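# curious how this folds, go ahead:
(chains A and B)
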Amino acid sequence: MPDPDQKQYLFDKPRNVARLLGGFYVVCVLLFVLDFILHRHVYLTWENLPGFYALFGFVACVALVLIAKEMRKVVMRKEDYYDVDE
Amino acid sequence: MWMSELPPFIPFFIAALLALFTRGWVRGLIVLATPVLGGLHLWLDVEPGINQTVSILEYELSVMRTDRLSLLFGYLFHIAAFIAAVFALHVRDTTQYVSALLYAGSALGAVFAGDLITLFIFWELLALTSVFLVWARRSERAIRSGIRYLIFQVGSGVLLLAGALVHYQQTGSLAFDFIGLEGLSGWLIFIAFGIKCAFPLLHNWLTDAYPEATPTGTVYLSAFTTKVAVYALARGFPGTELLVYIGAIMTCFPIFYAVIENDLRRVLAYSMINQIGFMVCGVGIGTALALNGAVSHAFNDVLFKGLLFMTMGAVLYRTGNMNGSDLGGLYKTMPKTAMLCIVGASSISAFPLFSGFVSKSMVMTAMIEEGYDYLWLMLLFASAGVFHHAGIKIPYFAFFAHDSGIRTKEAPLNMLIAMSIAAVLCVFIGSQPQYLYSLLPWEVDYWPYDTTHVLAQLQLLFFSALAFVWLNKQGLYPPELHSINIDAEWFYRTLLPAGARRIADSVQVTGRDLTDAAIRSFKQGGKSLSDTRLGRFHLAINWPTGSMVLWITIILGFFLLADVVL
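Numbering: from 1, shown residues only, chains lettered A, B, ... in the order given. You can find the predicted model right below:
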């Protein structure tokens, strides 16, 4: 969509988006490495897996989105689905 | 001092009456002053241990019973009523002012109710007063949705009353204390609470009505009804194991819907069920830590979910649109609202230093302590999912994403102030949780900030975000589409009406067949009658019903005349 007011905003510049994402990736790597440096209390056996929370978060969200996407095939209807019958 | 025994709902009901007759800044002052004065009064003058009753006929209603649990919700509802009032200050609609004040008052009445009948009265008032906030949208959809909402809510009240009466017959007491899942009464009350709590399959009134209410109405709605239900569960059914399983399901299934839902306020409604799931789990575990976690999460949820609903309300107010598919790029013209939305999103996602973190972690810890390992994994999955749909999706699709080209104005000042108050409270509670903890009903020594918790939570959230980035870059993320998704409500919005129509049709067809058959046999009868001797009389030639009625009228008229004359 072209910008109606021709003004450049913060994320109109691809460089700013790249900077933001770059910073984000660095934080992710740092957090993953910290798992090996800092001592976590472990209550459950699963937590012994290095980077358990990071892996779980990533896998859980990918699974969530992909399953939800499949769900669309079953549950998605047109916006006026209920209006027609009522 | 008698003032300390003044039930907190009374100022709100009086204010509602005044709001009916006032306009402009006077009315604004009334709706702002009521929660401030009421809240200060509750905070300064009211101690736990009051039990104030009024006699109506021969029955004693316990209208004000205070303990640390009811007081906590009392403070919360005053704060919520104040923030929502600031947010709605630009509204000119009298209906919304009056119903909002009555609604907030009813919520206060319910949490301070000491017996089941008083609870029932306010339970139904909550339903009747809040539905006007949906109807105030004044669209066909909103009116229909409000009716469905009302059916559920009133149905819940009817079950509560039935349960209360059975409970009275069995125990001889109507006091609202621990009830437990024993016998018919326990189950009736449990389901009544469950409907208001949006248990799975009973949840669609929430996702149906909340997105249809006015931009400001939804802020009120999100604060009270479900939190009264959580309070009621915490008082009536703590430690009921079934609740742990129900809660775990509630945390998980809505997030799938939230990912593919287009209406952003409906996304928030689904995420609300997910958050209530954590509270229900906490109530079900029933240890002091878990119950504290449940009620403090209710406290925080009112603030951060209120904040998110306010930001979306502001967007709806400015753009007239709530679909993720049509919005985007609004950070350019609503930067303050965007920032406040990110604060709300961080809080609901339970980022360290934001409010969700300090309460959700209590429930999670209690879950491990009580050995629910697999359910804990479900909750962890839900925690990652919350961040995904409420934490990222809401701000991303409204304020960033692709530029929709919409250029609007920043939210009005009163909205910005209301959102800022909520945002400040979210950060304050998140970074200084000791003040909230000191208000919690049960004695617990708990502190959320240690390396383990903070690191684990940050890893979980950042890698959830990484998944979002990765899915988007791969083009795997489902696009926002103009669509709706069918849910359990399909049973009563499609299947039931279709079934009823089919039955009605078949009844009609059968009825027509029967009538035809009757007429046929009747005609045949008439024919055979006309063959007899009787058939020669005038009235028997054909048997119009009219002539029969005429003759009966003549005969009756004759009797009447005879009666008068003779």
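
# what about the helix or strand harbouring B:Thr337, near chain A?
Using DSSP states H and E, B:Thr337 sits within helix B:335-348. No - on the criterion C-beta under 8 Å from any C-beta of the partner chain, helix B:335-348 is out of touch with chain A, staying 8.9 Å away. Where you see a C-beta, it was placed from the backbone N, CA and C, and this is true even at glycine.

# so who does the nearest residue to B:Leu440 once chain neighbours are set aside touch?
In space, and not counting its chain neighbours, B:Leu440 is closest to B:Asn292: 4.4 Å by C-beta to C-beta, 6 or more residues apart in numbering or on different chains. The contact partners of B:Asn292, by C-beta atoms under 8 Å, 6 or more residues apart in numbering or on different chains, come to B:Met362, B:Tyr437, B:Leu440, B:Pro441, B:Trp442, B:Val444, B:Tyr446.

# how about B:Phe132?
B:Thr95, B:Gln96, B:Val98, B:Ser99.

# mind doing that once more with 7 Å?
B:Thr95, B:Ser99 (C-beta atoms under 7 Å, 6 or more residues apart in numbering or on different chains).

# residue ranges in the chain under the pLDDT threshold?
If you meant another chain, say so; for now it's chain A. Per-residue confidence for chain A (pLDDT under 70) gives these ranges: A:1-6, A:84-86.

# my bad, the chain I had in mind was chain B
B:1-3, B:525-547, B:563-566.

# state which helix of it is the longest.
Using DSSP state H, we find that the single longest helix of chain B is helix B:496-531.

# can that helix be said to contact chain A?
Yes - Helix B:496-531 comes into contact with chain A (C-beta under 7 Å from any C-beta of the partner chain), by way of B:Pro497.

# ok so, going back, elements contacting the helix holding B:Thr337?
helix B:288-319, helix B:355-369, helix B:394-399, helix B:413-431 (3 or more C-beta pairs under 7 Å, 6 or more residues apart in numbering or on different chains; DSSP states H and E).

# quick one, phi/psi of B:Lys409?
phi -110, psi 160 (degrees, to the nearest 10).

# these two touch, right, it and B:Thr319?
No - using C-beta atoms under 7 Å, B:Lys409 is not in contact with B:Thr319, being 10.0 Å away.

# which of the two has more neighbours?
Per other C-beta atoms under 10 Å in any protein chain shown, whichever of B:Lys409 and B:Thr319 has more neighbours is B:Thr319, with 19 against 8.

# how about the more buried one, what does it touch?
B:Leu327, B:Ile406, B:Thr408 are the contacts of B:Thr319 under C-beta under 7 Å, 6+ apart.

# surely the second one is in a helix?
No - the assignment for B:Ile406 is coil, going by DSSP: H, G, I helix; E, B strand; the rest coil, so no helix is present there.

# backbone dihedrals for it, please?
Note on B:Ile406: its backbone torsions stand at phi -70, psi 130 [degrees, to the nearest 10].

# please apply the same query to the last one.
When quoted as degrees, to the nearest 10, the phi and psi of B:Thr408 stand at phi -130, psi -170.

# picking up where we left off before, relative to chain A, which of the contacts of B:Thr319 is nearest.
Distance from chain A was checked for each of the contacts of B:Thr319 by C-beta to the nearest C-beta. The minimum falls on B:Ile406, at 9.1 Å.

# middle-most residue in chain A, spatially?
Closest residue to the average C-alpha location of chain A: A:Cys61 at 6.6 Å, with C-alpha atoms, centre = their mean.

# check contacts around the nearest residue to B:Thr287 once chain neighbours are set aside.
The shortest distance from B:Thr287 to any non-neighbouring residue, by C-beta to C-beta, 6+ apart, is to B:Ala366 (5.5 Å). By C-beta under 7 Å, 6+ apart, the contact list for B:Ala366 reads B:Gly282, B:Ile285, B:Thr287, B:Leu289, B:Ala290, B:Gly293.

# so the fifth one versus chain A, what's the distance?
Put plainly, it is B:Ala290. 15 Å (C-beta to the nearest C-beta, to the nearest Å).

# follow-up on the earlier one: most neighbours out of the contacts of B:Ala366, which is it?
B:Gly282 (34 neighbours).

# just the CA atoms of the helix or strand hosting that residue, as CSV, please.
Using DSSP H and E, B:Gly282 sits in helix B:264-285. Included here for helix B:264-285 are C-alpha records, laid out as CSV according to Å, rounded to 0.1, in the frame of the first residue of the first chain:
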residue,chain,number,x,y,z
LEU,B,264,-9.0,-8.7,17.2
ARG,B,265,-11.4,-8.3,20.1
ARG,B,266,-12.5,-11.8,19.6
VAL,B,267,-8.9,-12.9,19.8
LEU,B,268,-8.8,-11.2,23.2
ALA,B,269,-12.0,-12.9,24.2
TYR,B,270,-10.4,-16.3,23.4
SER,B,271,-7.2,-15.3,25.2
MET,B,272,-9.4,-14.3,28.2
ILE,B,273,-10.6,-17.9,28.4
ASN,B,274,-7.0,-19.0,28.3
GLN,B,275,-6.2,-16.7,31.2
ILE,B,276,-9.2,-17.8,33.3
GLY,B,277,-7.9,-21.4,32.7
PHE,B,278,-4.8,-20.6,34.7
MET,B,279,-7.0,-19.3,37.5
VAL,B,280,-9.3,-22.3,37.4
CYS,B,281,-6.3,-24.5,37.6
GLY,B,282,-5.1,-22.6,40.7
VAL,B,283,-8.5,-23.0,42.4
GLY,B,284,-8.5,-26.7,41.5
ILE,B,285,-5.0,-27.3,43.0
